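K.L.:
I'd like to go over a predicted model; first the sequence, then the structure.
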Amino acid sequence: MKEFLQVLRRFIPPYKKYLVLTVLFNILSAVLNIFSFAAIIPILQILFQTDKASAATQLMPWGSADFKDVLSNNANYYVQQLIGDMGETTTLLVIGLFLAFMTFLKTGAYFLSSATIIPIRTGVVRDIRNQLYRKITSLPLGFFSEERKGDIIARMSGDVQEIENSIMSSLDMLFKNPVLIIAYFATLLIISWELTLFTIVIVPIMGWFMGFVGRKLKQKSIKAQALWSDTMSQVEETLGGLHIIKAFCAEEKMNKRFDKINSEYRDNILRVNTRQQMAHPMSEFLGTVMIVIVLWFGGVLVLNNMTLSGPTFIYYLVILYSIINPLKEFSKAGYNIPKGLASMERVDKILMAVNDIKEPDQPVHISDLKEKIEFRNVSFGYRQAGAEGEEGEVVYVLKDINLTIEKGKTVALVGQSGGGKSTLVDLIPRYYDVQKGEVLIDGINVKDLGIHDLRQLIGNVNQEAILFNDSFFNNISFGVENATMDDVKEAARIANAHEFISASENGYDTMVGDRGGRLSGGQRQRISIARAILKNPPILILDEATSALDTESERLVQDALERLMKTRTTVAIAHRLSTIKNADEICVLHEGRIVERGSHDDLLAVDGYYRKLHEMQQV
C-alpha cells in the first residue's frame, strides 16, 4: 500500500478537483443507498403485520431519546398515518415508489462518482507516457547503448497499459470503497453494535490472506513483464533485420527463437492470471461464510427477542451485503495493484535514470562560432558494467587528444574502425562528456554552454541518413521553425534533391516512408544534407556521409556536400580518402590517439599509416 500511495502522490495532484468531486458523489451515493433501503423495514412490517407497525402513536422530538429509537419511531408514525389515510396496499405502492426514486438518485450519484474518476485515470496514464517520452528524448546517447529498443518500447506500451489496468483501475478502491465502507459500517453499528462487532472479527483474516497472495503475485508479474520486453525486443530486431533473415534462409530459426520466448511469456502470464482469477471466487466464498455466520448470530438475537426485530435484521443483512462488494473490490485490488507496481518499477528505471549531461546552472549563451573548436588533453572512455551496486572500470577509447579546428577550416578524421573517430565528433555537441581534458568553443568549455545553444551551432550529416515517416517538406524543415516552402526548395536545390522531389507524386508533400524506406540511399542522404543546409549551422559534422553510396550517388552527394561546406567549419570522418583529400588538415586516429596529421600531400610524402591506407584503396 505504501508503494501505491507513493505512485498516487507523484501523479494525482494535478487532478485534485476531480478527487473532491468523486469523494462528494461517493458520500452522496452511500447516504442515498442507506436511506433508500431503509424503506424495506416498513414494507416488511406491513407485509408480515408485525407489532412495530402500530407501535408509534405520536412523534418523538429529536434528542428526546436515542437517535436510532427516535428515527424508527417517527418513521413508523408516518407509515401508520399513511396506512390510516390510504390503506395498506396504497402505502406499499408509495413506499415502493420512494425506494425507486431514492435508488434512481443513488445510481445517478454512483455514476457521477465513477465518471469524475475517469479523467484521473486517463490523465495519469497520459502523463506517464509524456514523462517517459520526454525522458527518452532528454537522456544521453550512452543510456541507449546499454538498453534494447524493444525493451524501451515494451515499457512504454505494455507496462504503461498494465499500470492503467491495475493501478488506475484501483482508484475506486481508494476513493470510493472507503467512503462506502465507512458509511455502511456506521449504519451497521447504529442498527446493532453487538452483531457488528461480532461480524468484523473475520474481516482482518480475509485481508491478511489477500495481502499474502498479492505479494506473491507481484513477484510473478515482474518476471512476466521482463519476458514481455524480451518478446518486443525480438520483434524489433526481426523487423530491423528482415533482409538478413531472408538472405540466410533463417526464417525457421527466428520463428523457433520467437516461439521459445513467447511460450515462456505465456507460461508466466498464465500463472499470474490464474492466481489473479482467484480473487473473485475467494472473496465470494469468504463473503458467503461471513453472511452465514452473521445470519446465525443475528437469528439468535431476533428469535430470543433481544435487540433486533425481524424487519430490522433483514435491513441489516441488506446493508451488510452492500458492504461486501466494496470489500471484494479491496481484495481484487490486492491482486491488481501488485501487478501494476511491478510495471511501475520497470517504468521508473527510465523515469529515474540519471542524466549525466546536465545544463549548467548559469549557462553561457552563444549564437555563432567566432574563432575555433579546441580539444585540449581530451581522454574519453565508456564505463563497463560492474558487479551489482558497483561501478565498472572505464575503458578509454580516446587518449590525450589535442586538436584545434580554426573557423572556416575543414579537418578530416581517418583511421581504422573503432579507432574513436565518431566518438571524438560526438564530444563537440556534448552527446557525451569527457572524463579528462576539455572541449572548447571559442575558449569556452562546452560544459559551460547552454546545451541547445551549442547544438544549434552544429549540423550533422551521418552515414545512415535518419528520416522520419513524414513528408519531404517536414523532413527538410525538421528543427527549423517557420521555414517557408521557398526556403525548403532552395535548400533542396543546393543538395541536388529538388529534381527527384519535384518528380514524386505529391512533390514536397510526398511521404518518404518509415526511415525514408521509399527512397534510395543517395536520395536519403541528399534530404539529410538539405536539412543541414536549411539549418544553416556554422559547424558541420560529416560522419562517413558518402561511404554507403554508389559512384553516381556519391558524386551528387559530394557535390552537395562541397556546397554545404563552403564558409563553414567542418569536421569530416571518412573511409574513402578521395573525399577528403582537399581538407585543410587530416588527422589519423589509431587506437584512440592522433598518430599523424597534415595535408593530403604531406601525409603521402611520409611512409606512415595514412600512406598505407591510401595505397590499399588504389585500384
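P.N.:
Great, that's in hand.

K.L.:
spatially central residue for this protein, please.
P.N.:
Central residue of the chain (C-alpha atoms, centre = their mean): residue 129, 3.6 Å from the mean position.

K.L.:
not counting its neighbours along the chain, what's nearest that residue?
P.N.:
Nearest non-adjacent residue to residue 129, counting by C-beta to C-beta, 6 or more residues apart in numbering: residue 160, 5.7 Å away. Heads up, the C-betas are built off the backbone N, CA and C, glycines and all.

K.L.:
each with direction, which strands does the host helix or strand of residue 570 pair with?
P.N.:
Secondary-structure assignment from DSSP states H and E places residue 570 in strand 569-573. Strand 569-573 sits in its sheet next to strand 410-415 (parallel), strand 539-543 (parallel), going by DSSP bridges.

K.L.:
which residues are contacting it?
P.N.:
Residues from elsewhere that reach strand 569-573, judged by C-beta atoms under 8 Å, 6 or more residues apart in numbering: 369, 373, 405-414, 421-422, 425, 428, 538-545, 579-580, 583.

K.L.:
for whichever helix or strand residue 134 is part of, packing partners?
P.N.:
Assignment of secondary structure by DSSP H and E places residue 134 within helix 118-138. Under the contact definition 3 or more C-beta pairs under 8 Å, 6 or more residues apart in numbering; DSSP states H and E, helix 118-138 sits against helix 2-11, helix 16-37, helix 160-166, helix 310-351.

K.L.:
for the stretch 301-450 of the chain, which spans come out with low pLDDT?
P.N.:
305-307, 328, 330-335, 384-392 (pLDDT under 70).

K.L.:
just the strands in this structure please.
P.N.:
All strands of the chain, identified by DSSP state E, fall at 372-385, 391-406, 410-415, 436-441, 444-445, 458-462, 539-543, 569-573, 585-590, 593-598.

K.L.:
quick one: residues in contact with the shortest one.
P.N.:
Yep, that's strand 444-445 we're talking about. Counting by C-beta under 8 Å, 6+ apart, 364, 366, 438-439 sit against strand 444-445.

K.L.:
and the longest one, by the same measure?
P.N.:
The set of residues external to strand 391-406 that reach it, using C-beta under 8 Å, 6+ apart, is 371-386, 411, 418, 420, 423-424, 427, 435, 437, 569, 571, 584, 587, 592-594.

K.L.:
where along the stretch 51-200 of the chain do the helices fall?
P.N.:
With DSSP state H, counting those that start in this stretch, the ranges of helices along the stretch 51-200 of the chain come out as 67-86, 88-115, 118-138, 141-145, 149-154, 160-166, 171-175, 177-191, 193-199.

K.L.:
quick one: which of those is nearest residue 613?
P.N.:
helix 141-145 (27.5 Å; C-beta to C-beta).

K.L.:
excluding residues flanking it in the chain, which one is nearest residue 479?
P.N.:
residue 535 (6.4 Å).

K.L.:
spit out the contact partners of the nearest residue to residue 480 once chain neighbours are set aside.
P.N.:
Among residues not flanking residue 480 along the chain, residue 534 sits closest, at 5.3 Å (C-beta to C-beta, 6+ apart). Residue 534 sits next to 476-477, 480, 483, 487-488, 491 when contact means C-beta under 8 Å, 6+ apart.

K.L.:
by neighbours, which of those residues wins?
P.N.:
Of all those, residue 476 has the most neighbours under the rule other C-beta atoms under 10 Å, reaching 28 neighbours.

K.L.:
and that residue, how far from residue 467?
P.N.:
Separation of residue 476 from residue 467 (C-beta to C-beta, to the nearest Å) stands at 10 Å.

K.L.:
can you list residues touching both of those two?
P.N.:
With C-beta under 8 Å, 6+ apart as the test, residue 476 and residue 467 both reach residue 527.

K.L.:
picking that back up, pLDDT averaged over the strand holding residue 570 - what is it?
P.N.:
Average pLDDT, strand 569-573: 89.

K.L.:
picking up where we left off before, between the contacts of strand 444-445, which sits nearest residue 321?
P.N.:
Nearest to residue 321 among those is residue 364, at 70.3 Å by C-beta to C-beta.

K.L.:
what bridges to the closest one?
P.N.:
Beta-bridge partners, per DSSP bridges, of residue 364: residue 449.

K.L.:
for the protein, name the helix or strand with the lowest mean pLDDT.
P.N.:
For the chain, counting by mean pLDDT, DSSP states H and E, helix 203-240 ranks last in confidence among helices and strands (a mean of 66).

K.L.:
so among the contacts of strand 391-406, which ones count as buried?
P.N.:
372-375, 378-381, 411, 420, 423-424, 427, 437, 569, 571, 587, 592, 594 (16 or more other C-beta atoms under 10 Å).

K.L.:
in this structure residue 321 contacts residue 291, no?
P.N.:
Yes. Residue 321 is within contact range of residue 291, at 7.1 Å (criterion: C-beta atoms under 8 Å).

K.L.:
quick one on the thing from earlier: reformat the contacts of strand 444-445 as JSON lines; add neighbour count.
P.N.:
Output for the contacts of strand 444-445, formatted as JSON lines (neighbours: other C-beta atoms under 10 Å):
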{"residue": "364", "neighbour count": "15"}
{"residue": "366", "neighbour count": "17"}
{"residue": "438", "neighbour count": "16"}
{"residue": "439", "neighbour count": "25"}
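
K.L.:
wait, which of the residues you listed is closest to residue 471?
P.N.:
residue 366 (32.5 Å).

K.L.:
please tell me how far residue 566 sits from residue 560.
P.N.:
To residue 560, residue 566 is 11 Å away according to C-beta to C-beta.

K.L.:
thanks again, I'm all set now.
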